[in-house]
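> 3D, please:
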Amino acid sequence: IVESTEELRDTLLSLERENARLHMESSRSRVLIDAVERLLAEDSADPFASILPALRKAFNFSDVVVLTERDDGNRLVCSVAEPTHLLDSEWRKGRFLERGLAGRVATMITNDQLQAWTDLPAAILSPRQPALYIPLKVDQNRSLMIVFREQGDAGFDRDHVELARQFGLLASLALAAKTHRQNRAERLRLETLTEKLRASEVLLSRRANYDQLTGLPNREFVHEIVERTIASQQDGESFVLAFIDIDEFKKVNDNFGHGVGDQFLCQFASRLREAVREIDVVSRISGDEFVILFRETRVSRILPRIERLRQSLTQPFALPQTELWSSATIGVAEYPRNGTSYTELNRAADIAMYQAKARSKGSICLYDQEMGDHASRALMLETDIRASIAERRFECAFQPKVDLHSGKVVGFEALARWKCLDGALRSPEHF
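Below is the predicted model:
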């Protein structure tokens, strides 16, 4: 159970970090699949020409080389390079690079202690550039791809190392398949690994974009969907964003426990889905807050549907331990009248929802500019008050209380006064 606002904030931050990590893993897996497929489809003499742009997205590097063993076995020659002036440069093998050729993925913050760098002119590369060493097999020859970042940039992390290990294995098998030098077992292994990676990418994408409890698009995904919708709008087209907050949801968790609360949220989400059209998008953006994107419509047309939705949410929810009555407050904003980005529209609908809740919980409110101006003034006022408290700009004024019969002062009334930066005093009616 969340005991405090601070603990809730920490929990939300932890969830946001986990979601960002899943997004990153999903994105990198997509890039890895793209790189291997490009490698298999490439027919030129240089199989790496088409995949370096994809790899650059995954590893964010500035320079790259592919080193291949020479016949004498003591040196490596650069066969692929960006920038191209690194081509044909020779590298002393040494124990570190030998371990890489043998299949070990490694990352280094600096390389100036490695034997391989002792013969390289300083103008080619700086040994202080962070590097990631990826073992490969090219035409059955042991090779090593090294990607570099600029000197002073952050080094490669464990996620990069794991991604490099997957790429090295898949790329080596793909290159072997292209030259027809692998047996049937190797082909099956490549297909199996690729399918596993593809399935993993689908799972990661699902976890990154959808709420795990309700199965609805999450905060980041609905943001992306709305922005894509905005980008596709033609002149004169519009859509509606509804912000929905469950009234008194905390009492459900407090009285029945989080298990019942989760069941209620799932049923609540189902009612939202049942109430919208197929083209609309229902999302859960936080614990008891939902957003609905009503596509290809205006407020005047969709408002009756939103009213039916609101009424459906007042009907009882049948839960295993109890029958639960609830309601939801809804704020509504329209594109482009109330905003031209997801952030603006979400803020407008949120403001309208709080305005509705202040009037009567379980109601609907349409956003207008006056609400936005009022919310901005309230935020500025709160900010000014907090700063004034810290700067001790509140004073106490004493107003005498006089006995009308005797004319004597019999007491004082203490009144708060806010001393503004311009010297003026503001009474409580202004704050």
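
> and residue 167, helix, strand or coil?
Per DSSP: H, G, I helix; E, B strand; the rest coil, the local secondary structure of residue 167 is helix.

> report how many residues lie close to it.
26 (other C-beta atoms under 10 Å). Yep, even glycine has a C-beta here, placed from its N, CA and C like the rest.

> before we move on, what about residue 391?
10.

> quick one, what contacts it?
Under the criterion of C-beta atoms under 8 Å, 6 or more residues apart in numbering, residue 391 has no neighbours.

> again, but for residue 339
Residue 339 touches 333, 345, 347-348, counting by C-beta under 8 Å, 6+ apart.

> what's the most distant pair in these?
333 and 347 (8.3 Å; C-beta to C-beta).

> neighbour-wise, which of those two wins?
Neighbours were counted for residue 333 and for residue 347 using other C-beta under 10 Å; residue 333 has more, 27 against 18.

> buried residues in the one helix or strand that one maps to?
Following DSSP states H and E, one finds residue 333 within strand 328-335. Within strand 328-335, the residues scored as buried using 16 or more other C-beta atoms under 10 Å are 328-335.

> could you dump the very next helix or strand once past it to CSV, C-alpha only?
Next in sequence after strand 328-335, counting helices and strands by DSSP H and E, comes helix 342-359. These are the backbone C-alpha positions of helix 342-359, laid out as CSV (Å, rounded to 0.1, in the frame of the first residue of the first chain):
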residue,chain,number,x,y,z
TYR,A,342,-1.2,16.2,-27.5
THR,A,343,0.3,18.1,-24.6
GLU,A,344,-2.0,21.1,-25.1
LEU,A,345,-5.1,19.0,-25.7
ASN,A,346,-4.4,16.8,-22.7
ARG,A,347,-3.8,19.9,-20.5
ALA,A,348,-7.1,21.4,-21.7
ALA,A,349,-9.1,18.3,-21.1
ASP,A,350,-7.5,17.9,-17.7
ILE,A,351,-8.4,21.4,-16.7
ALA,A,352,-12.0,20.9,-17.9
MET,A,353,-12.2,17.7,-15.9
TYR,A,354,-11.0,19.4,-12.7
GLN,A,355,-13.5,22.2,-13.4
ALA,A,356,-16.3,19.6,-13.7
LYS,A,357,-15.2,17.9,-10.5
ALA,A,358,-15.2,21.3,-8.6
ARG,A,359,-18.8,21.8,-9.7
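
> what angle do helix 342-359 and strand 328-335 make?
Here the directions of helix 342-359 and strand 328-335 differ by 140 degrees (axes from the mean of the first three to the mean of the last three C-alpha atoms, to 10 degrees).

> which stretches in the stretch 51-200 of the chain count as helices?
52-59, 94-101, 158-178, 184-209 (DSSP state H, counting those that start in this stretch).

> how far is the first one from where the chain is centred?
Same thing as helix 52-59. Its chain's C-alpha centre and that of helix 52-59 lie 20 Å apart, by C-alpha atoms, centre = their mean, to the nearest Å.

> model confidence over that helix, on average?
Averaging pLDDT along helix 52-59 gives 79.

> show me what that helix is packed against.
Counting by 3 or more C-beta pairs under 8 Å, 6 or more residues apart in numbering; DSSP states H and E, the packing neighbours recorded for helix 52-59 are helix 5-41, helix 158-178.

> please repeat the previous calculation with a cut-off of 6 Å.
helix 5-41 (3 or more C-beta pairs under 6 Å, 6 or more residues apart in numbering; DSSP states H and E).
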